[in-house]
Every structure is written in structure tokens, then in C-alpha cells.
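Q: Below is the structure, and that's it, no one-letter string:
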């Protein structure tokens, strides 16, 4: 079952169960994914779906933080619920230890010794880790180990 069908099924289930906030965010997610398909003029891959969902999560986390700074906990809680629902659709992110081990292996495999070879290492890290790796954390470890 691809991402769009899974989200659609979950949306219908949330609607039947009367979980309005979940059905609303899933409807919004479906609209984004369908919009991407229309712009691509062909069905989008699961990897593209994950990227779109990650963008939506990032937007909601930023809104969450802004609402907290503005003492709007009611709106912050809505954003938090939404990004938690969306996070359930992306693959589990590796732990920092796992990422560090991949970075160490990538540095060894690429024979990198200087910070200016960071691009070579990061591309290898992302190829190995795929969707399960947090690029910011990997970047931090590469900088530490090549400095």
C-alpha cells in the first residue's frame, strides 16, 4: 500500500471514529500530496511523499514554537498534535549513536581527512542512512570528526 492510499484509509477511519483533528490534518496532507502529483504530471514516489510530509512537520514545529513564544498554548497544542500525527508516517529516525557510527564508517570509506571533503562524506552518509538519518545530526558529527 503506497503512502497516499495509507493516508486516505487512515483519514476515512478517523472520520468514522469522529476524530476531527486527525481527519483534518490527513485531508490537508492528502491535498499536498495530490498537488505534488498534479505538478509532476505523474504519481509521486514514497520518497517524495516522505519529503513533503517532513516539510509539513517542520512547518508545524516552527509554528508550535512561535505560538509558545506568543503565549498561545491553545494553538501550540493543535500544531503539536498535527506534527505528531504526521511523524507517524515517516520512517523511524536513527539514534545519534547509529548516525555517528555511519559517519565514522563513511569517513573511513571515503578517506576524507579535511573539512573541505565534507560533501563527499555527507553524500555517502545519506546514501547509507536513507530516510532514516537526520541530516543535521550527521552534519554535526562530520564537522566534529573532520575538524
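A: Looks like it came in fine. From a predicted model like this one, the values you see are computed outputs, not experimental measurements.
Q: Just give me the residue closest to the centre of this structure.
A: For the chain, the residue nearest the mean C-alpha position is residue 54 (3.0 Å; Cα atoms, centre = their mean).
Q: isn't that one right up against residue 91?
A: No: contact criterion Cβ atoms under 8 Å: residue 54 and residue 91 do not qualify, at 10.3 Å. All C-beta spots, glycine's among them, are computed from the backbone N, C-alpha and C.
Q: per-residue confidence at residue 137?
A: At residue 137, the pLDDT value in this model is 87.
Q: How far away from the center of its chain is whatever helix or strand it lives in?
A: For residue 137, the host element (DSSP states H and E) is helix 135-146. A distance of 18 Å separates the centroid of the chain from that of helix 135-146, by Cα atoms, centre = their mean, to the nearest Å.
Q: same thing with stretch 2-13?
A: Centroid separation for stretch 2-13 versus its chain: 18 Å, with Cα atoms, centre = their mean.
Q: Pull up the gap between the closest residue to residue 43 other than its chain neighbours and residue 82, please.
A: Spatial nearest neighbour of residue 43, excluding adjacent residues (Cβ to Cβ, 6 or more residues apart in numbering): residue 37 at 5.7 Å. Shown here: residue 37 relative to residue 82, a distance of 22 Å by Cβ to Cβ, to the nearest Å.
Q: Next: residue 17.
A: 17 Å.
Q: Between those two, which has more neighbouring residues?
A: Looking at residue 17 and residue 82 with other Cβ atoms under 10 Å, you find the greater number of neighbours at residue 82, namely 24 against 10.
Q: so that one sits right up against residue 60, yeah?
A: Yes: the pair residue 82 / residue 60 is scored as a contact, 5.1 Å apart, by Cβ under 8 Å.
Q: that older thread, distance-wise, check the residue nearest to the centre of the chain relative to residue 61.
A: Using Cβ to Cβ, residue 54 is found at 11 Å from residue 61.
Q: And the longest helix anywhere in the chain, what does it pack against?
A: Identified as the longest helix of the chain according to DSSP state H is helix 46-69. Using 3 or more Cβ pairs under 8 Å, 6 or more residues apart in numbering; DSSP states H and E, the elements in contact with helix 46-69 are helix 3-17, helix 20-40, helix 73-87.
Q: buried sites along it?
A: Within helix 46-69, the residues that qualify as buried are 49-50, 52-53, 56-57, 60-61, 63-64, 67, counting by 16 or more other Cβ atoms under 10 Å.
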